[in-house]
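Student: How does the following fold in three dimensions:
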Amino acid sequence: MSHTPEGAHRAAKPVEAAETTSEGASLGLSIVLFLVLFLAFIGGLYVMSLMTPVLFLVGLGIVLLSLCGAFTLVPRFLT
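Tutor: Numbers count the residues shown, from 1 in each chain. Model (predicted):
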């Protein structure tokens, strides 16, 4: 005699809405976001390399903003 959990005999309902995928973002928007964030990151690294404390902090801010944009803003815009 096997024990079955309560409700195990109910028929499973088809889940159609959960299997849909998003259409994605346009190629142009993806390229523009990539270029802006990548160039900001590279620019921040360049400013950090100018070897003054103020410019190092400015470059660090640029780098952190570009990384924040890459990991928080891009998923919002591209989904």
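Student: which residues does Leu64 contact?
Tutor: The neighbours of Leu64, taking Cβ atoms under 8 Å, 6 or more residues apart in numbering as the test, are Gly44. Any C-beta I mention is one placed from the backbone N, CA and C, and that applies to glycine too.
Student: Distance-wise, check it relative to Ala40.
Tutor: 10 Å (Cβ to Cβ, to the nearest Å).
Student: same thing with Val58?
Tutor: 12 Å.
Student: And Gly28, by the same measure?
Tutor: Distance, Gly28 to Ala40, by Cβ to Cβ: 19 Å.
Student: low-scoring stretches of this structure, by residue?
Tutor: Scanning the chain with the threshold set as pLDDT under 70 gives 1-19, 21-22.
Student: Can you show me the helices along it?
Tutor: Assigned by DSSP state H, the chain shows helices spanning 27-48, 53-68, 74-77.
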